[in-house]
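*Asks:* any chance you could fold what I've pasted below:
(chains A, B and C)
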Amino acid sequence: MSTRLASHGRLINRARALSFTFNGKVMSGFEGDSLAASLLANDQMLMGRSFKYHRPRGVLASGGEEPNALINLGVESGFEPNARATTTETFSGLTAASQNHFPSLEFDVGAINSKLSRFLPAGFYYKMFIHPRSFWKHIYEPIIRHSAGLGKAPKARDQDSYEHYYHHCEVMVVGGGIAGLQAAQSAAATGVRVLLVEQTAHWGGRAPVDGVTIDGLAAEDWVAQTLAELAACDNVVIRNRTQGSGVYDHGYALAYERIADHTPGDGRPRHRLWRVRCKQIVTATGAIERPLSFAGNDIPGVMLASAVRDYVVNFAVSPGDRTVVVTNNDDAYRTALCLLEAGLEVPLIVDARPEGGGALMEAVQASGIRVALGRGIAKVKGGKRVTGVQICAQAGEGSVLEEVACDVVAMSGGWSPVVHLWSHCGGKLIWDADQAMFRPDPDQPPLGADGAGFVKVAGLANGHLRSAPVLEDAAEQGRAVGRAAGGKVQKAAVPAAMDAEEVALSPVWLMPQGASYALRSKAWLDFQNDVKVSDVQLAAQEGFESVEHAKRYTTLGMATDQGKLSNINGLAILSKSLNAPIPDVGTTTFRPPYTPISMASLAGEARGELFQPVRKTPMHAWHDSHGADWEPVGGWRRPYAYLRGSETVAQAVEREVINTREKLGFLDASTLGKIIVKGPDAGKFLDMMYTNMMSNLQPGRCRYGLMCSENGFLSDDGVVARIDEQTWLCHTTSGGADRIHAHMEEWLQTEWWDWKVWVVNVTEQLAQVAVVGPNARKLLEKLGGMDVSAERLPFMAWADGTIAGIDCRAYRISFSGELSYEIAVPANQGLVFWEMLMEAGAEFGAMPYGTECLHILRAEKGFIMIGDETDGTVIPQDLGLSWAISKKKDDFLGKRAQQRSFMDNPDRWQLVGLETLDGSVLEDGAYAIAEGSNANGQGNTQGRVTSTYYSPTLGKGIAMGLVHNGPERMGEVIYFTKIGTNPVQAKIVSPVFYDPEGEKANV
Amino acid sequence: MKRNSVFAVAREAMRQHSGWGRTWGNPEAKKAYDVVIIGAGGHGLATAYYLGKNFGITNVAVIEKGWLGGGNTGRNTTIIRSNYLQDPSAALYEKARSLYETMSQDLNYNVMFSPRGVMMLAQTHHEVRGYQRTAHANSLQGVKTEFISPARVKELCPIINIDGPRYSVLGALWQARGGSARHDAVAWGYARACTDMGMHILQKTEVTGITQSGGNVTGVDTSRGHIACKKLGMVVAGHASVVANMAGFQLPIESVPLQALVSEPIKPCMDVVVMANTVHGYMSQSDKGEMVIGGGTDAYNAYTQRGSFHHLEETVRALIETFPMVSRLKMLRHWGGIVDVTGDRSPILSKTPLGNTFINCGWGTGGFKAIPGSGWGFAELMAKGESPLTDQFGLDRFRAGRFIDESVAAGVAH
Amino acid sequence: MLILNCPYCGCYKDETELSAGGEAHLKRFGPGASDAEFEGYLFGRVNPKGVHFERWRCASGCGKWFHAARCTATLEVFGTYKAQTLKPPQAIKDAISAKRPGWTWRDFS
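*Replies:* Predicted coordinates for the structure are as follows:
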């Protein structure tokens, strides 16, 4: 039986009872409880099932290292799988359910795996399920997948909000135990800004549980006093429920604050991710107690000795009535003393050390508790709950000397410093043989931007197990980081801590040391993943000698606790199997985060509307309220078409094309990039940027230009207008403005930095409307203002003026083949201008048109579209654009590249028009089929479709494509692929399908 | 070597598994081999395997600085697909995919190849056209793919939000016989088979120099002394430039960190592999139940096996947008590898300026899926001096301007 | 998560405020260059494990390009300097020599 005690419970508030449910059963707890404590108080030791064998699992630990007590927490949009009961604060209304079993926690058919465990050793799946081939995917794998996993998959959309927080300080201290508090205080005393974080809701760590006194005060009082002092410092920020989760290069660190996990629905963000930039970090992250490896150490009721006393002291919870303590060190005797003081029974202490321990042992013996020296546990008896232990000689092979009835086994195999944060960014470890632990090697710290170490470790985490040296170390590290971060160190006394004397532990990696196979195959290393001593030994036997191989072969340390309890024990077994010293075998890599953190916290606020905020033109809202069917383009959204009534998208597009060709259409062209290039050398610069000549363009005129990458490929196009002697305005594609602007800046700054040129991206300063169609001029003349006549503003000219009183710049350019003006107005006039056009244009049949109409209009004219005709592998010569490549210029970006053998070769796929013989529309991306197949058995090709549309103007399918030597093959009929059916015949024609003479635009 | 089977496991279960021998050897190095391969990752081991299996060349040493399979082979997100656009890529990756189909049986080692299907979401019209183009190309390349509707996407992967507010799903390129495999097992299975053929895998052996004479390599200096060879293959991924530098030539390669992460394990909720290139995220669920998530590369050179954190934030944002249920999962672990990225993002399987030396590198973010095909083709190149699988992947293409550019269809992630 | 000092702004910038631009001090080869020179310029990369010179842009700050001398194995930064130069300043080279005696990188040492 586990139950609530009448005494103890320093963290709970007995005045505030809370009601919650576990597997549908209503239970009660107290404010301040962890869920694990609440469950134990309700005699719920069985909390889950293991991963592989579905063995019954009880709570083992009391903190973030817990491997077993994982639960499905909450429901619906507040559901979270794999929540750790030990780090979940109980709150009123909490709903918890155990995981990984069917049909119930008490009776799980998956537990058959445990009976079959001898057939399922480490790596069994690599050796089985090979034949027949199809069975893996259809039979074996589904069974394995179903029995694996742990918690349920969330289904509903997350109800909570999350946020990111930036924090800049000189020193970050991770860990709110006495070491962290002292380090923070010493660092803060140097005058630097300090951030102190503690992952739990409580300060002080183990010291208050373990009866430490500091400067004559009980640890609890010293902690409260120190915390108050820190809180009063202007240069200190302190946060509990905030875990130092990861340390990254150059003094970047992550802290994970669980703001509202224990107060769901109170309107606060659930989690906050702190992105900390600091100069120095102190990790005062304490240590984790190691389990001992004996048969049956996974049976519910076997717990870490420190956890047993945590539950008693902190939560007034007795894990059981009769507790056998088994240890290789003095610390576990504290558990016996604590249980005694709580009035519980300790029938026996099993100490593997022949000589036993020091003062703590003597105190225990003085209380009349029997201590068996040089003994070990041969086997734990019980199924879903411990019923007793069999005692043997630690030096032997497991012959049972006696049996002791008990319902709890409190085990301690010594302590492992929490070195994760130290190691995340490259800090190295040394093996401390005296204390049987890896601890940070101060000579090999993680290195910062300046090449010096930026992390220091204090207290237990640094290998100091006694509280006096812990405080001395913490004070020293705190001063050191303060100094390194620019603070001034003041002399200050270090508080003196007192605790019981201890004698050295004796490393025990297997109990008894000569345990038989039968015992070893029941001695768990990794409790969640079901890895036993025999599994690691089998891995070594099979040649998995690297610690990484052994880990991956057995899955040791790969569970959700990431091996916090199992890694060192497993490593020791491996090293013994290999007959190699532990430090030679080494550890696996520590990777962030320290314990799992919510995905949502990583995303922060950037979800839903804020995921990737949409760039909006001044007319965006108008489009939205006039039937726009949106299409994402770069960061923008553009109307694909404007739907009217019950129209389909295709019908809308057809209507827009015909209306624009016959009457008048408006396109919101504001997304087009607009870059001003200015200066005495601007012409020379543009001659390098574009394949054609821009320096000889006359002010008042426009020219279509092509840009290539230095690797020769076409990267962008657009119309360039010369504004005055020293000023050009370059239009880019909608997606290209930022990229081309950056590209220009890069060349100006890094290659031609002596050229006098200034480049400014004015894309968002201007709204731009294409006024297109035979009625375009009539409309502008009606609106009144500048002279837009063919004489005053001829094709490929531009002029400044006003239209209907709005300042504008009008370009006579056309991407549609129709009479067209592209009119730029100040962005804040864009909507007014657009609405004015719509209103005045009504009598001329004006309609807005979208991007698909734009595409069809340009395809009918044989104009290329960057991204359709080009894909990063196409050069201008492939597109019949040789006319736009200056022969006069010595150099431009891409010129040398295009002289390479594969490019300077007429034998390429080149742009043509394509028309199916039956008038149908070729499929997007279709390939032109050639005879035969290549050396790899692939069908040969001779071209491909780059753009294909139904042309409403011509009433048939039209396409452009790149065909091998295409322009020389006019009239030839070739075959194109059609998915799921026979190839389609298409004739090679000119890519200009509409108005080949260009008469429509030039009026 | 003992055959693996359910019967062997049952027999061993009766004798406490005492009869299992070493999976691969731990031999003393010989003074000379016919062929030395530097790098015992998947590609290096597969090369050795096919040198032996297809060409009878078994006097081979595979030299590894650390532990076999410990580089990108053991760090990737294990996606296998061959729906590439360009012919040379499709040939190589489809060869690899087809070899994965039978790898467990060929190697007598269960690599858990699971053709659960791979879908690449199209979330812009541009992407739709790109994937439709790939489907057409694949139809002639002998690669079975199809472009599927949003409804079919939802049916195959119910946890996808196809009506996302920012980028709704417009369709997907679907390769039903794509999938995933157990990455470590691929390296272990090849290592076991190579050992079976008498080859030497020399782990914890660092190459420190390359000895040459008259334009040919004569051997390698290693931490175990000099090892002579008649032919040398360099298959060291992120360290390709470092090894090439020892041999005196430079590569069109940049080494950058690439990251990945996994969630805690949950019960099966996603049977297929999904890649969403518009938002830059891809995810699958492992047999253990973890959601396996690929992140982005850093833009700067680094040889640290960790990357910059903000890439993970970007990736997770994209995934929550695509799969809202991810929001309430927890990240268990994230890690990084060093990937070797070439000037055209396609790999290099090539002769080198040294007559008897060959290089296999540049797999960037997408090498795992290619392992068997890469080994097959590279072994042929090393044995015969040419291979139809590799002949377009030579170093000479960077001089000629003849690139193999997959970015057209694949976006960033491979 | 690198942090670099922008030599124009004169202050430290988080990596997320910067954009990386690849190897520094590349000499551009244009028309007239040999195929080998042009290939080397576009694709040949030192890609060293150790001391490296690379380009960065203060993308979310002043917009200027600058160079950093950095170790690709430890990520230590030896110094940053403005991009408008053909070689690293002597002070930067001295800083590297102090930490990595005997270093070389292309023609620099």
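*Asks:* got the residues of chain C near chain B?
*Replies:* C:1-2, C:15-16, C:19-20, C:22-23, C:35-36, C:39-40, C:42-49, C:52, C:54, C:70, C:72-75 (CB under 8 Å from any CB of the partner chain). All C-beta spots, glycine's among them, are computed from the backbone N, C-alpha and C.
*Asks:* could you redo the last one with a cut-off of 7 Å?
*Replies:* Proximity of chain C to chain B (CB under 7 Å from any CB of the partner chain) is limited to residues C:1, C:15-16, C:19-20, C:35, C:39, C:42-45, C:47, C:49, C:52, C:54, C:72-73, C:75.
*Asks:* does the top helix by length along chain C reach chain A?
*Replies:* Counting residues, the longest helix found in chain C (DSSP state H) is helix C:90-99. Yes. Helix C:90-99 comes into contact with chain A (CB under 7 Å from any CB), by way of C:Lys99.
*Asks:* buried ones in that helix?
*Replies:* By 16 or more other CB atoms under 10 Å in any protein chain shown, the buried positions in helix C:90-99 come out as C:Ile92, C:Lys93, C:Ala95, C:Ile96.
*Asks:* mind checking the SS state of the residue of the stretch 651-800 of chain A found nearest chain B?
*Replies:* Per CB to the nearest CB, A:Gly712 is where the stretch 651-800 of chain A lies closest to chain B, at 6.5 Å. Secondary structure state of A:Gly712, per DSSP: H, G, I helix; E, B strand; the rest coil, is coil.
*Asks:* can you pull the contacts of the closest residue to it other than its chain neighbours?
*Replies:* Nearest residue to A:Gly712, sequence neighbours excluded (CB to CB, 6 or more residues apart in numbering or on different chains): A:Ala897, at 3.0 Å. Applying CB atoms under 7 Å, 6 or more residues apart in numbering or on different chains to A:Ala897 gives the contacts A:Glu710, A:Asn711, A:Gly712, A:Met903, B:Gly401.
*Asks:* for ChimeraX, write a command that selects the buried ones of those residues.
*Replies:* With 16+ other CB under 10 Å as the criterion, this ChimeraX line picks the buried residues out of those:
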select /A:710,711,712,903 /B:401
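*Asks:* now the two most distant members of the contacts of A:Ala897.
*Replies:* Farthest-apart pair in the contacts of A:Ala897 is A:Glu710 and A:Met903; separation 12.9 Å (CB to CB).
*Asks:* if we can go back for a sec, what packs against the longest helix of chain C?
*Replies:* On a contact count with 3 or more CB pairs under 7 Å, 6 or more residues apart in numbering or on different chains; DSSP states H and E, helix C:90-99 meets strand C:77-82.
*Asks:* which SS class is the residue of chain C most remote from its centre?
*Replies:* In chain C, C:Gly32 marks the outermost C-alpha relative to the chain mean, sitting 26.8 Å out by CA atoms, centre = their mean. Secondary structure for C:Gly32, judged by three-state DSSP, is coil.
*Asks:* any idea how far the residue nearest to it when sequence neighbours are not counted lies from B:Gly238?
*Replies:* Computed as CB to CB, 6+ apart, the closest residue to C:Gly32 that is not its neighbour in sequence is A:Arg896, at 7.9 Å. According to CB to CB, to the nearest Å, A:Arg896 and B:Gly238 sit 31 Å apart.
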